[in-house]
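> next comes the sequence, and after it the predicted model I'd like to discuss.
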Amino acid sequence: MKIWFPLKYIFNSKYRYRKNLERNQKRNLHHSSEFTKYNRYPSIFKLVQTLYSNQESLKILSFGCSTGEEVKALRELYFPEATIVGTDINKKSLDKAIKSYRKENVYFIKSEQEEINKHGPYDIIFCMAVFQHRKNRDIATQNSEPHYPFLKFEGTIIQLDKLLNKGGAFIIEHTDYNFLETSISNKYTPVPNQNFYRNRPLYNKNNERISEKSIPEKIFIKQG
Ligand SMILES: C[S@@+](CC[C@H](N)C(=O)[O-])C[C@H]1O[C@@H](n2cnc3c(N)ncnc32)[C@H](O)[C@@H]1O
């Protein structure tokens, strides 16, 4: 049963927290849902693991790590030797991550530029299910701008690019926009033969809905 908004706001603390976050962190917040699960993207993780199998002392950033399951899976299943930093704008989620997964060389930090910079630079940056807005999935939505402008997506990509080492990778999944349309994308090459299509709307840099399918590439390598 759908609860009427004010009632839900009063009785559902998780919902209330998210609504307050949407209001108070409007400028920096991307996707506000905290949904996640352990090993959510096995085929993408596996491919990234293969690409970096010869590289020692990797430093990985999980941007938008939510309650920490992504970091846990990366560490336990794919990158046991790496230093992994998880960051999230939702303090409640971050607190949960800190409490539930304490390991050497795993850090959970606030999503503030200074903090993220301090732990960098990184060899791999995962941005999974962060750069999107739930309203952009609606059938009627033809123009994304009021919900989630391209410039907001691109602005964060530009910041993160500064922290990514040459030869490093950006992994961007479940996004409303195409990484290859950003102004820094000329420094990157998509890993060939990726076939990670999703049935979900895609918007262009003018915020117009242009497809009902994502692009197939999720992994982009920064050229040296
Ligand atoms: C749907 S969850 C994705 C969790 C995980 N990456 C996954 O794919 O399962 C989106 C997360 O992005 C976080 N987020 C949104 N804007 C952010 C920002 N500016 N900095 C860091 N995290 C952010 C949200 O708080 C939320 O936890």
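Cool, the structure landed.
> tell me the secondary structure for the most centrally placed residue in the chain?
Taking Cα atoms, centre = their mean, the centroid of the chain lies closest to residue 127, which sits 2.4 Å from it. Classification of residue 127 by DSSP: H, G, I helix; E, B strand; the rest coil places it in strand.
> check whether it really touches residue 64, as I assumed.
Yes. With contact defined as Cβ atoms under 8 Å, residue 127 reaches residue 64; the gap is 6.3 Å. (Glycine included, C-beta is placed from N, CA and C.)
> which ones are touching residue 65?
Residue 65 sits next to 36, 71, 86, 87, 88, 93, 94, 97, 108 when contact means Cβ atoms under 8 Å, 6 or more residues apart in numbering.
> just give me the closest of the residues you listed to the ligand.
Closest approach between the contacts of residue 65 and the ligand, by Cβ to the nearest ligand atom: residue 36, at 3.2 Å.
> quick check, the closest one in contact with residue 73.
No. Counting by Cβ under 8 Å, residue 36 sits too far from residue 73 to count as a contact (9.8 Å).
> quick check: residue 15 vs residue 50, distance?
Distance of residue 15 to residue 50, computed by Cβ to Cβ, to the nearest Å: 40 Å.
> out of those two, which sits in the busier spot?
residue 15 (14 against 11; other Cβ atoms under 10 Å).
> after the biggest strand by length in the chain, next one along is what?
Identified as the longest strand of the chain according to DSSP state E is strand 164-173. Downstream of strand 164-173, the next assigned helix or strand under DSSP states H and E is strand 188-190.
> which helices and strands sit right next to that following strand?
strand 219-222 (3 or more Cβ pairs under 8 Å, 6 or more residues apart in numbering; DSSP states H and E).
> what helices or strands is the strand it packs on leaning on?
Short answer (3+ Cβ pairs under 8 Å, 6+ apart): strand 219-222 packs on helix 42-51, strand 164-173, strand 188-190.
> out of the ones you listed, deepest packed?
Comparing those by mean neighbour count (mean count of other Cβ atoms under 10 Å), strand 164-173 ranks first with a mean of 20.
> next, the angle helix 42-51 makes with that one.
Here strand 164-173 points in a direction 160 degrees away from that of helix 42-51 (axes from the mean of the first three to the mean of the last three Cα atoms, to 10 degrees).
> parallel or antiparallel, list what pairs with strand 164-173.
Using DSSP bridges, the strands paired with strand 164-173 are strand 122-128 (parallel), strand 219-222 (antiparallel).
> so which of these is nearest the ligand?
The nearest among the strands paired with strand 164-173, by Cβ to the nearest ligand atom, is strand 122-128 at 3.4 Å.
> can that closest one be said to contact the ligand?
Yes. Using Cβ under 6 Å from any ligand atom, strand 122-128 comes into contact with the ligand via residue 128.
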